[in-house]
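Undergrad: Here is my input; please provide its structure:
(2 chains)
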There are 2 protein chains.
Amino acid sequence: MSNILDKVNSPQDVKKLSIDEMNTLAGEMRKAIITKVNSTGGHMGPNLGIVEATIAMHYVFNSPQDKIIFDVSHQCYPHKILTGRKEGFTNPDKYYTYTGYTNPLESEHDLFKVGHTSTSVSLAAGVAKARDLKGEKGNVIALIGDGSLSGGEAFEGLDNAATLNSNIIILVNDNDISIAPNSGGLYGNLKLLRETNGKAECNYFKSLGFDYYYISDGNDLNQLIDTFNKVKDINHPTVVHMCTLKGKGLPEAEANKEAFHWILPGTLDKDSNSAPAAVENYCTVTNDFILNKIKNDKTVFAISAATPGAYGFTPEFRKQLGSQYMDVGIAEEHAVAFASALAKSGAKPILPLMSSFVQRTYDQLSQDLALNNSPVTMLIHWGAISGADATHLGCFDIPLISNIPNIVYLAPVNKEEYLKMLDWSLEQTEHPVAIRVPFGNFVSSGVEDTTDYSKLNKYKVAEEGEEVAIIALGTFFELGKKVKEKLGINATLINPHFITGIDEELLESLKSNHKLVITLEDGVLDGGFGEKIARFYGNSDMKVLNYGAKKEFTDLVPIDELYKRYHLTPDLIVTDIQNCLSLETV
Amino acid sequence: MSNILDKVNSPQDVKKLSIDEMNTLAGEMRKAIITKVNSTGGHMGPNLGIVEATIAMHYVFNSPQDKIIFDVSHQCYPHKILTGRKEGFTNPDKYYTYTGYTNPLESEHDLFKVGHTSTSVSLAAGVAKARDLKGEKGNVIALIGDGSLSGGEAFEGLDNAATLNSNIIILVNDNDISIAPNSGGLYGNLKLLRETNGKAECNYFKSLGFDYYYISDGNDLNQLIDTFNKVKDINHPTVVHMCTLKGKGLPEAEANKEAFHWILPGTLDKDSNSAPAAVENYCTVTNDFILNKIKNDKTVFAISAATPGAYGFTPEFRKQLGSQYMDVGIAEEHAVAFASALAKSGAKPILPLMSSFVQRTYDQLSQDLALNNSPVTMLIHWGAISGADATHLGCFDIPLISNIPNIVYLAPVNKEEYLKMLDWSLEQTEHPVAIRVPFGNFVSSGVEDTTDYSKLNKYKVAEEGEEVAIIALGTFFELGKKVKEKLGINATLINPHFITGIDEELLESLKSNHKLVITLEDGVLDGGFGEKIARFYGNSDMKVLNYGAKKEFTDLVPIDELYKRYHLTPDLIVTDIQNCLSLETV
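TA: Alright, predicted model coming up:
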């Protein structure tokens, strides 16, 4: 009998409710979130924890006149429910109508499209400054989690926001955990503040110049509303530190905060006692490789930046690594500089990063790492054209990494190459190395790879032929094989291994008996691998066709549609080749 | 009678000195620094302030067993003097022997090549962790200035370093100024700590978990040595907060800290009362433009990130802007996100950034700015192939910015185009825009530019011809003109205006009566502008030659040598063209 939720279609409806009704509403919202997220997958724990605070925000403040800016925005489900989008959570037919992040195209209550962390305070500062320049009124509120506070952008934002001399309210949602268990000295201060009911004088936020309010139970509507009323229309930068329970209302999520931060569809329907099937994949072979290495080498050191689960660094694995592992929290800039210094000092750091999050540390890749030629091993996960949300695309890492000098960026096509590259990278001391961990299918050749990767930019001719050469990078090697097969002529098939350089000798030799070279890369074409091949052949008669993604932000577009749009199917490519060659012979 | 400095050739020699002798040495070092920097140009104020602290560091600690990591490293001159490189400061013939930054190739006392800010704590954390993994001993010391603390990487480093549970010493050199006057809430805390002689409980460093020591006079050798002795071999993360006087010993530098942060050669020889000649340049026309705009538009808002002087935002200009200007300190990530939110909220932000420092904010360009399509106007300064230090190269901004969707990156070739682009950018609301401010010669056509830049990716045919088309981007348009002249045929000359896109219609039309297209860009070729042209023509008979820099870190290589290396002279290009065309006709 979800009788309260039925009546709530906008923030205005929330304002009419009593505390009791709001508590009932919270329960109904939780139920809807649990059912929906278990069906579609998504962020469970963060949204369950923030239900009451979201209700209280909309009860006290007046969105959209008052501006609410969500950090990461993966905790915006309750907000979506209260701002006209509840059907996305209550009606299974509409489960996919709304994205999992704030989106101005969906609602006037969403200010920014956001999916990376630590941005909300800077964005709120800009919104507040624009308000002041225009002489307008209203509250500007940033909602940021404790885990996001470790990102440098959040600090830069706080440091500046504290000086605005105007209304800006930072709601810190402290649930005592990042994605994985918390890391960083700041957590010590949050703990001290919790233990002293917010009264400790040594206060990170106060040290930056903020006024400070404390809410001991951020799931208690009375406390929330009382404090929000106190800070509403305040005329100076203010932090409200509220303690919430991540996963509240779902016992599994309360008990296992890391596993229930983000879940796959149907997670609640599985028997939690049944161990997951031991299927070999790129994560498991990486973990086995590292565990084997640390047996005899105390300088091997694995680092993660807040998302260990995304690369298979399970709690069990982390425990096995012991002191040879550290999670640095959401702090990719630090992670890269830290790894660089470790490598420069004779240790062997391994740093996995998501393709989409490598973006957060460009300057450190260039200055701290590449300029110093530090032999760090980076593993780039989820680098691929995908149907992902626009904020988590994995198609930009090749232009980003491969145009920085000194970094060797490798693209293995199967398990054997991957492990050989990993071993070479870890034991060499000459280059910063990144390996693009294949995304999707796990491929094994069954044959040990004996390539010497110290010979940089040496491509592998997988099948020698003539007329057409297919240079198929990384995961798209399989596509290259299919194109060759479909093409029906004895085309040359090349596995380049190296993203960052050109095998000039090989490319030169192709001129003698090839008319066309095609390149296939699982990422955006602009600034990528194929363009370097096109440049190489610019002054010759060789024709070149580059295949990859267009430079655009796609948002939850099905992968098949993207492959069609970009001509990334064997049929479409073969037609293009035939057209190109027939023009050639005319 | 520089009798102490004469005797000091290594840190070992410092250890033999009395306090009186060290004070004498400090005076001699200051004299050498002032004379040398006034002769060659360089960082004056930062080095004068840190003389005593450097002497004390080498007196108490044992470099290179103890590791000293410099932030930015523009305050390493005294360190170079004490570590075997004093001739670089005392002998005019050797003034150019050593770079202005730490460099491991020069000395075992330099650990990293560094020139960007806020990296030292992360690097020190990595050095300390490697020491612990290997079971070694020794102190690890990061020397960081107050201005560098505002950078997000510094915070990420501190947050993690505080948890290392081992020896790491952060020396905070607090001279109460960044490059320009200080910005950010953290400065309030540093002030409180100074006023309470380090005793205030509300302490930024303690809030992150550090032990904390305070030195009220960081130019007093007794205080320095006493405190350094206390923290030497300490077994936990420790901050030493020392207050120094920037520019100490040079009255002009003490009085005008911003102007003497970095000076041009001969600055001290000039009459300080004579006003600088009012020469028009891209900075002055920008300032005039902005001043004119703010007369009638209170939403125009200029932002700088700690280096206002580098783009001509003089103290006088900043004063004129009043509340329509803010310096956010060294916080490029915040600057971009802040600007994005301002633009999204209806204000008109203008954000100048150095080419080399744009690198520090890639993710914000992508996520906060481009994904949200916020109409920010960014001005990219010093974007060019140059003889600069490896840490301040301006040749990577094109690959960095132009492969992100949605951003419009423009390359004006003269004052009129620049001002037209600036005006268009500021008044439109559709796109994030970056303008590559021409570097070097100030060119004026004398003719108003009437181009409609809202027609994206429309190139301008400056001179229509045949056979060869020269697409000459931005500052290299002048080179294109020379190539055309030298070539002696009626070549087509194109000013593309747009770095970020292809004028497909024009490029297609060139096929009818051209055999060769050459591209000229003042930056690295990999991932840049020309490769996109090469890709476009890949399936055609058009030949393409791309000119620009090789992907490499160059370090103080004279520009003429680089132009020769990259074939960026009219003679070399014309020879290449003739070779290409003669091959074509064979």
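Undergrad: for the stretch 1-150 of chain A, what spans make up the helices?
TA: For the stretch 1-150 of chain A, applying DSSP state H, counting those that start in this stretch gives helices covering A:3-7, A:11-14, A:19-40, A:45-49, A:51-60, A:77-80, A:87-90, A:120-133.
Undergrad: closest one to A:Glu254 among those?
TA: helix A:45-49 (8.4 Å; C-beta to C-beta). The way it works is simple: take the backbone N, C-alpha and C, and place the C-beta from them, glycine included.
Undergrad: What lies in contact with the closest one?
TA: Helix A:45-49 is contacted from outside by A:30, A:33-34, A:37, A:74-78, A:145, A:173, A:175, A:218-219, A:244-250, A:253, A:257, A:260-261, using C-beta atoms under 8 Å, 6 or more residues apart in numbering or on different chains.
Undergrad: and A:Gly198, that's in a helix?
TA: No. Remark: A:Gly198 does not belong to a helix; assigned using DSSP: H, G, I helix; E, B strand; the rest coil, it is coil.
Undergrad: Could you report the neighbour count for it?
TA: By other C-beta atoms under 10 Å in any protein chain shown, 18 other residues sit near A:Gly198.
Undergrad: And for the one 10 residues further on?
TA: Summarising burial for A:Leu208: neighbours were counted as other C-beta under 10 Å, giving 25.
Undergrad: swap in A:Gly309?
TA: 17.
Undergrad: hang on, it packs against A:Asn256?
TA: No. In this structure, A:Gly309 is not within contact of A:Asn256 by C-beta atoms under 8 Å, at 11.6 Å.
Undergrad: Give the buried residues for the helix or strand of chain A with the lowest mean pLDDT.
TA: Here the helix or strand of chain A ranked lowest by mean pLDDT, DSSP states H and E is helix A:570-585, holding a mean of 88. Along helix A:570-585, these residues count as buried under the neighbour rule (16 or more other C-beta atoms under 10 Å in any protein chain shown): A:570, A:572-574, A:576-577, A:580-581.
Undergrad: And stretch A:499-509, by the same measure?
TA: In stretch A:499-509, counting by 16+ other C-beta under 10 Å, buried: A:499-503, A:506-507.
Undergrad: follow-up on the earlier one: need the helices of the stretch 1-150 of chain A in JSON lines (columns: mean neighbour count).
TA: Below are these laid out as JSON lines (neighbours: other C-beta atoms under 10 Å in any protein chain shown):
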{"stretch": "helix A:3-7", "mean neighbour count": "15"}
{"stretch": "helix A:11-14", "mean neighbour count": "18"}
{"stretch": "helix A:19-40", "mean neighbour count": "19"}
{"stretch": "helix A:45-49", "mean neighbour count": "28"}
{"stretch": "helix A:51-60", "mean neighbour count": "25"}
{"stretch": "helix A:77-80", "mean neighbour count": "27"}
{"stretch": "helix A:87-90", "mean neighbour count": "20"}
{"stretch": "helix A:120-133", "mean neighbour count": "28"}
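Undergrad: For A:Val231, which of these is the nearest?
TA: Of these, nearest to A:Val231 by C-beta to C-beta is helix A:51-60, at 8.9 Å.
Undergrad: just the angle between that closest one and helix A:19-40, please?
TA: Angle, helix A:51-60 to helix A:19-40, by axes from the mean of the first three to the mean of the last three C-alpha atoms, to 10 degrees: 130 degrees.
Undergrad: same question for helix A:51-60, mean pLDDT?
TA: The average pLDDT within helix A:51-60 is 98.
Undergrad: how about the nearest residue to the residue in chain A that chain B sits nearest to, chain neighbours excluded?
TA: Relative to chain B, the nearest point of chain A is A:Gly152 (1.9 Å; C-beta to the nearest C-beta). Once flanking residues are discounted, A:Gly152 sits nearest to B:Gly152: 1.9 Å by C-beta to C-beta, 6 or more residues apart in numbering or on different chains.
Undergrad: which secondary structure elements does the least confident helix or strand of chain A contact?
TA: Using 3 or more C-beta pairs under 8 Å, 6 or more residues apart in numbering or on different chains; DSSP states H and E, the elements in contact with helix A:570-585 are strand A:467-472, helix A:477-487, strand A:514-524, strand A:543-549.
Undergrad: Would you reformat those as a markdown table and include mean neighbour count, mean pLDDT and distance to B:Glu280?
TA: Formatted as a markdown table, the helices and strands packed on helix A:570-585 follow (neighbours: other C-beta atoms under 10 Å in any protein chain shown; pLDDT from 0 to 100; distance: least, C-beta to C-beta, whole Å):
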| stretch | mean neighbour count | mean pLDDT | distance to B:Glu280 |
| --- | --- | --- | --- |
| strand A:467-472 | 26 | 98 | 50 |
| helix A:477-487 | 20 | 98 | 56 |
| strand A:514-524 | 25 | 98 | 40 |
| strand A:543-549 | 24 | 98 | 44 |
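Undergrad: State the distance from A:Trp200 to B:Gly188.
TA: Let me fix one detail, which is that residue A:200 is Ala and not Trp. Computed as C-beta to C-beta, to the nearest Å, the A:Ala200 to B:Gly188 distance reads 18 Å.
Undergrad: An error on my part: the question was meant for A:Cys243.
TA: Taken as C-beta to C-beta, the span from A:Cys243 to B:Gly188 is 26 Å.
Undergrad: more neighbours, those two?
TA: Legend: neighbour count by other C-beta under 10 Å for A:Cys243 and B:Gly188, higher for A:Cys243 (23 against 18).
Undergrad: Need the mean per-residue confidence for stretch A:221-232.
TA: Rounded mean pLDDT across stretch A:221-232 is 98.
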